[in-house]
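**Q** sequence and predicted structure are below.
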Amino acid sequence: MKNIGMRRPPIIDRGKRLPCKSSFGYEIDTFEFLMGEVYLFHRSNVRCPRKSSLWGMFDKRVGTDVYLESSSEGALCDFVLWHKLPDDYRFCRLATREELREYVFCQTWFEIRSE
C-alpha cells in the first residue's frame, strides 16, 4: 500500500517560494512561519545546527516579535512553554521530519515526567 502522507509546505522567503533546505537557514525577519511547525533558531550560525540551536514550535508573530508555544535548547531535556523568542536569535530553519519527530517525542516525555 502506498504511503500517502501530507507534505510539509515549502519555506516562503520574501514572497518567493523556495524549496525547503533543512541544512540552511534564513534570517528571521525575512521568514514566514507556519503555526504549529517546529523550527530551529540560532544566534549566529545560518545553518542552525541541531546541538546548539533553540528548537521551538511557532505560535504567532506580533510585529517583529516571534512567540513560541514551546521550546527547548539542543539537548531537548527541559521545555519552556508559551514565551517570546529572545531578540538575539537571528536565523531559523524548518525542522526536518526526523527533527520534528524527535521534538514531539521529547516534549511528550517531558510533560509526562512533569506531572
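**A** The structure has been received and is ready for your questions. Given the structure is predicted, the values throughout are model-derived calculations rather than measurements.

**Q** shaky segments in the chain?
**A** The chain contains residues with pLDDT under 70 at 1-24.

**Q** mind redoing it with 90?
**A** 1-25, 29-31, 74, 114-115 (pLDDT under 90).

**Q** would you mind giving the secondary structure of the most centrally placed residue in the chain?
**A** In the chain, the C-alpha nearest the mean C-alpha coordinate belongs to Y39, at 1.1 Å (CA atoms, centre = their mean). Following DSSP: H, G, I helix; E, B strand; the rest coil, we place Y39 in the strand state.

**Q** that one touches F91, doesn't it?
**A** No - Y39 is beyond contact range of F91, at 10.1 Å (criterion: CB atoms under 8 Å). Where C-beta positions appear, they are placed from N, C-alpha and C, glycine not excepted.

**Q** show me where the protein has its strands.
**A** 11-13, 16-18, 26-27, 31-32, 38-42, 54-62, 65-72, 80-84, 91-94 (DSSP state E).

**Q** hey, C-alpha coordinates of the fifth one in PDB?
**A** What follows is the C-alpha trace of strand 38-42 in PDB, where atoms were taken according to Å, rounded to 0.1, in the frame of the first residue of the first chain:
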ATOM      1  CA  VAL A  38       8.800  23.200  14.600                       C
ATOM      2  CA  TYR A  39      11.800  25.500  13.700                       C
ATOM      3  CA  LEU A  40      15.400  25.600  14.800                       C
ATOM      4  CA  PHE A  41      16.700  29.100  15.800                       C
ATOM      5  CA  HIS A  42      20.300  30.300  16.200                       C
END
